[in-house]
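Visitor: mind folding the following:
(chains A and B)
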Amino acid sequence: MTHSTPAGETTTVRVQCFGVLQKVCGGAERAVPVAALPASVADVLDALVREVPEAGEYLDTTACAIGDTLVHRATPVSADDTLVLLPPVSGG
Amino acid sequence: MTSHITTAPIDVGALMATTEDPEAGALVVFAGTVRQHNDGKKVTSINYSAYIPLAEKSIAEIAARARRDHDIQCCEIRHRIGDMAVGDISVLVVVRAEHRGEAFAAGRYAIDIVKHEVPIWKYETYEDGTHEYVKGCPLHHEHPSNRHVAHADAGAGCSPSPTR
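Guide: The predicted model follows:
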């Protein structure tokens, strides 16, 4: 479902962080304010960097997912989505 | 549905038993264990975390690709998360095939891809009291800077993608 945001209001997108980003962002989940919804993944990441400038250096190597699917930077994010940030992986 | 990610210790014997196959003449088992030293520092404890929805899907796909691309009977993969001690098994790959060549190849393929494609993170605590997330491999997506670059230290968990 896609919600639109009336002009002048701000809304938030739920962001879930893993790995080093959890440390940098000070927790696993945060609500990131965006100007309007739907926003693109890139818009949400830009908004996150405004909130947490230290996160910026990690985002170039961070993949994003919604549910169990990796998403592109241009993918729209709706109010019901949680954008999951996946920095470089080190399992094994 | 099989759960590939577990917080409990990985039961090697159980996985060997459930994959028994009289048609298989080769059994290859790879276990990754928690190492005491990393990058010259003594590791005192380790924690693995995962984004489980995608990690489960990724591991299932890797096992399916191993079966599709190699002449094997089965490929089972398990990864443990949570706190672990030095020597504990963090990841296990079990492959059974008619012959050893395909079993070795499929096992190597599976563990290499697990290290590249599964959203799991290793957090190490060292003897000197410091701790950090281990440098890893970027997951692929369209961002240009996210193209895979092999780390200088392949042993750190990120080596060039195997072609087969």
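Visitor: which residues of the chain score low on pLDDT?
Guide: Assuming you mean chain A. Scanning chain A for pLDDT under 70 picks out the ranges A:1-9.
Visitor: please refer instead to chain B.
Guide: B:1, B:141-164.
Visitor: quick one: contacts for the residue of it at minimum distance from chain A?
Guide: Nearest to chain A, among the residues of chain B, is residue B:120, at 3.0 Å (Cβ to the nearest Cβ). Every C-beta, even on glycine, is put in place using the N, C-alpha and C of the backbone. For residue B:120, the contacting residues are A:89, A:90, A:91, A:92, B:5, B:48, B:49, B:50, B:55, B:79, B:81, by Cβ atoms under 8 Å, 6 or more residues apart in numbering or on different chains.
Visitor: let's see it at 7 Å
Guide: Contacts of residue B:120 were listed using Cβ atoms under 7 Å, 6 or more residues apart in numbering or on different chains, and they are A:89, A:91, B:48, B:50, B:55, B:79, B:81.
Visitor: do the same with residue B:80
Guide: By Cβ under 7 Å, 6+ apart, the contact set of residue B:80 is B:6, B:7, B:9, B:10, B:48, B:89, B:90.
Visitor: if I look at the residue lying closest to residue B:88 once chain neighbours are set aside, how far off is residue B:62?
Guide: Closest residue to residue B:88 apart from its sequence neighbours, by Cβ to Cβ, 6 or more residues apart in numbering or on different chains: residue B:34 at 5.0 Å. Distance of residue B:34 to residue B:62, given as Cβ to Cβ, to the nearest Å: 21 Å.
Visitor: again, but for residue B:98
Guide: Using Cβ to Cβ, one gets 21 Å for the distance from residue B:98 to residue B:62.
Visitor: hmm, back to that, how close does the residue of chain B closest to chain A get to residue B:49?
Guide: Counting by Cβ to Cβ - residue B:120 and residue B:49 are separated by 7 Å.
Visitor: joint contacts of the two?
Guide: Contacts common to residue B:120 and residue B:49, judged by Cβ under 7 Å, 6+ apart, are residue B:81.
Visitor: okay, residue B:98 and residue B:62: which has more neighbours?
Guide: The residue with more neighbours, out of residue B:98 and residue B:62, is residue B:62; 23 against 15, by other Cβ atoms under 10 Å in any protein chain shown.
Visitor: that one in helix, strand or coil?
Guide: Look at residue B:62: counting by DSSP: H, G, I helix; E, B strand; the rest coil, its state is helix.
Visitor: could you say which helix or strand contains the closest residue to it other than its chain neighbours?
Guide: Of all residues not flanking residue B:62 in the chain, residue B:113 sits nearest, at 4.9 Å (Cβ to Cβ, 6+ apart). Assessed by DSSP states H and E, residue B:113 sits inside helix B:100-117.
Visitor: sec struct for the closest residue to chain B within chain A, please.
Guide: Nearest residue of chain A to chain B (Cβ to the nearest Cβ) works out as residue A:91 at 3.0 Å. What three-state DSSP gives for residue A:91 is coil.
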